[in-house]
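*Asks:* Below are the sequence and a predicted model for it; my questions follow.
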Amino acid sequence: MARVRLTQAKKTFGSVDVIRGVDLDIADGEFTVFVGPSGCGKSTLLRLIAGLETLSSGSIYIDDDDVTDRAAVDRGIAMVFQSYALYPHMTVEENMGFGLRMNNVDEAVISQKVGDAARSLQLDALLDRRPAHLSGGQRQRVAIGRAIVRDPKVFLFDEPLSNLDAELRVDMRLEIARLHRKLATTMVYVTHDQVEAMTLADRIVVLRAGVVEQVGAPLELYSRPANAFVAGFIGSPKMNFVDATVANSTPDGLVLTLPDGNSFHIARRVDALSAGDSVSLGIRPQDLAGSTGDIAITVDVDLVEALGGTSHIHGRALGVGHFIAEQSGAVVAEDQQLQLALDSANVHLFDSNGQRIDTAAARN
């Protein structure tokens, strides 16, 4: 196990700054997940830790050992790739033991390590097969097993489940979670899938354009996003955003005016706001599921996605464009008006720069 630390890590490709001064501390034994939109630098950051890319400036430490200029093979890491990267002419056993054989490890030790990993990953009956005769999930298990036998200090995963179908993704996600609990090893994982991030991570690192926007536990990022970008990225369906202007700010709360001229009151006090300030309201679709609250919302329904136990209701509300609500067990018809209620305590507020505005309960 090992702690991973990056200090002012920067990576430039030509004139393009891909990673822009990242400071990050990953604790020993922690499962950290990098998320962000395509092109945000999450895979590049992982490859920098692995030693597959070189830093333009800054430092990388594993434990207290500076590995910035050290070759990938000498960093004590193992990486699992999206493409599996298995040798097609080798059996499962040969693929899993290849790295050890290249390092001249004794065959008896290799046999024991491969056998232990194969049993852990339910591959012991497949050791004589070649990759072409394995399913996608089995190939990914082989790639993980090849990493396990090396006893690395750190496991790195680069979107390892993206080539699998939905059911296999769920199964492999559970396998990786069990593996982390069993090995208690530091793991760094890149994904674009929020479900993977929220269910696997001890901490999530949200990246945008090579900059870390927020680091925190999954529920912390969901409940207290640092800015509108994180709020819109974490959570599915996406958070609704409504522009508004502060009409009045009192100890009893805020009166906000919407673009269509309508106003409403939220019972949240914000000492930093005054009349005329521009704000953005963040409203999660899940917070519109109830029938009680101090804010009434009318949605003109355009489309209903019936998902079984829940429905995603798309429409127009609060004088804005597209708006999403999530309802449980409701039968909602398209082209109708739906009356919803929202507790103002669940409204997220962001300033004109998209930064979170902390609020307090209104005074009695």
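*Replies:* Perfect, I can see it now.
*Asks:* what about the helices in this protein?
*Replies:* For the chain, applying DSSP state H gives helices covering 42-50, 92-102, 107-120, 136-148, 166-183, 194-200, 218-223, 228-233.
*Asks:* and those helices as a markdown table, adding mean pLDDT?
*Replies:* Formatted as a markdown table, the helices of the chain follow (pLDDT from 0 to 100):
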| stretch | mean pLDDT |
| --- | --- |
| helix 42-50 | 96 |
| helix 92-102 | 93 |
| helix 107-120 | 92 |
| helix 136-148 | 90 |
| helix 166-183 | 88 |
| helix 194-200 | 92 |
| helix 218-223 | 96 |
| helix 228-233 | 96 |
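*Asks:* Run through the residues that contact Arg356.
*Replies:* Each residue near Arg356 by CB atoms under 8 Å, 6 or more residues apart in numbering is listed here: Arg224, Pro225, Ala226, Asn227, Ala231, His348, Leu349, Phe350. Yep, even glycine has a C-beta here, placed from its N, CA and C like the rest.
*Asks:* hmm, back to that, figure out which of the helices of the chain is closest to Gln336.
*Replies:* With CB to CB as the criterion, Gln336 lies closest to helix 228-233 of the helices of the chain, at 27.3 Å.
*Asks:* So the chain: which segments form each domain?
*Replies:* In terms of domains, the chain is parsed into 4-232, 237-361 (source: automatic domain parsing).
*Asks:* got any ranges where the chain has weak pLDDT?
*Replies:* Scanning the chain for pLDDT under 70 picks out 1, 289-291, 330, 360-364.
*Asks:* how about 80 then?
*Replies:* Regions of the chain meeting the criterion pLDDT under 80 cover residues 1, 260, 262, 268-269, 271, 289-294, 318-321, 329-331, 359-364.
*Asks:* Tell me the buried residues within the contacts of Arg356.
*Replies:* Pro225, Ala226, Asn227, Ala231, His348, Leu349, Phe350 (16 or more other CB atoms under 10 Å).
*Asks:* What is the nearest of these to Asp271?
*Replies:* The nearest one, if we look at these relative to Asp271 and count by CB to CB, is Leu349, at 12.4 Å.
*Asks:* ok, and the closest non-adjacent residue to that closest one?
*Replies:* Nearest-residue entry for Leu349: Ile357, 4.1 Å, with adjacent residues in sequence omitted and distances by CB to CB, 6 or more residues apart in numbering.
*Asks:* Hmm, Leu273 and that neighbour touching each other?
*Replies:* Yes. Ile357 is within contact range of Leu273, at 7.0 Å (criterion: CB atoms under 8 Å).
*Asks:* Comparing those two, which residue is more hemmed in?
*Replies:* Just comparing Ile357 and Leu273: by other CB atoms under 10 Å the higher neighbour count belongs to Leu273, 19 against 15.
*Asks:* got JSON lines for the helices of the chain, with distance to Ser263 too?
*Replies:* Listed next are those as JSON lines, based on distance: least, CB to CB, whole Å:
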{"stretch": "helix 42-50", "distance to Ser263": "41"}
{"stretch": "helix 92-102", "distance to Ser263": "65"}
{"stretch": "helix 107-120", "distance to Ser263": "60"}
{"stretch": "helix 136-148", "distance to Ser263": "54"}
{"stretch": "helix 166-183", "distance to Ser263": "44"}
{"stretch": "helix 194-200", "distance to Ser263": "34"}
{"stretch": "helix 218-223", "distance to Ser263": "27"}
{"stretch": "helix 228-233", "distance to Ser263": "22"}
